[in-house]
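> For reference, the sequence and a predicted model appear below.
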Amino acid sequence: MACMNAPALDWCRRYRLPCADASTYAADAANLKRIGWAKFKMMRDILKKGYHVHLSDLDVSYLKPLAPAVEEVRRPGGRVGDCGEW
């Protein structure tokens, strides 16, 4: 979970959730037009540290299993951006 301020980070740690201090991205997240870039900057920095990332918003729901779509995208010649029917 990306925590944009100290109280959110404290709450996250109190419940022993996987927490990331994202306060450095808070300035970008304050502007709705730039919030998407804040997420991508944070994802880039986490990937540079060698971690795996699954980026999702709270208003997203998955109606089908996610793993087959991920495998399709990773497969050489896979359909990127269109997972179609799997």
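It's in.

> Can you tell me the SS state at Cys12?
helix (DSSP: H, G, I helix; E, B strand; the rest coil).

> Contact partners for it?
1, 3, 19 (CB atoms under 8 Å, 6 or more residues apart in numbering). From N, CA and C alone the C-beta is placed, and that goes for glycine too.

> Next: Val53.
Val53 neighbours (CB under 8 Å, 6+ apart): 43, 46-47.

> Could I get those residues in JSON lines, plus columns for pLDDT, distance to Arg14 and secondary structure?
Shown next, in JSON lines, are these (pLDDT from 0 to 100; distance: CB to CB, whole Å; DSSP: H, G, I helix; E, B strand; the rest coil):
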{"residue": "Met43", "pLDDT": "86", "distance to Arg14": "25", "secondary structure": "helix"}
{"residue": "Ile46", "pLDDT": "86", "distance to Arg14": "22", "secondary structure": "helix"}
{"residue": "Leu47", "pLDDT": "89", "distance to Arg14": "27", "secondary structure": "helix"}
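
> Going by distance to Ser23, which of those residues wins?
Ile46 (14.4 Å; CB to CB).

> ok, how many other residues are close to that closest one?
16 (other CB atoms under 10 Å).

> tell me, what residue is most central in this protein?
Compute the mean C-alpha point of the chain, and by CA atoms, centre = their mean the closest residue is Leu55, 2.2 Å away.

> Could you tell me how far the residue lying closest to it once chain neighbours are set aside is located from Ser56?
When the adjacent residues along the chain are set aside, Leu55 lies closest to Met43, with 5.5 Å between them (CB to CB, 6 or more residues apart in numbering). Remark: distance between Met43 and Ser56 (CB to CB, to the nearest Å) = 11 Å.

> quick one, which of those two is more surrounded?
Neighbour totals were compared for Met43 and Ser56, and Met43 leads with 15 against 11 (other CB under 10 Å).

> The contacts of Cys12, buried ones only, as a PyMOL selection?
Buried residues within the contacts of Cys12, by 16 or more other CB atoms under 10 Å, are selected in PyMOL with:
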select buried, resi 3+19
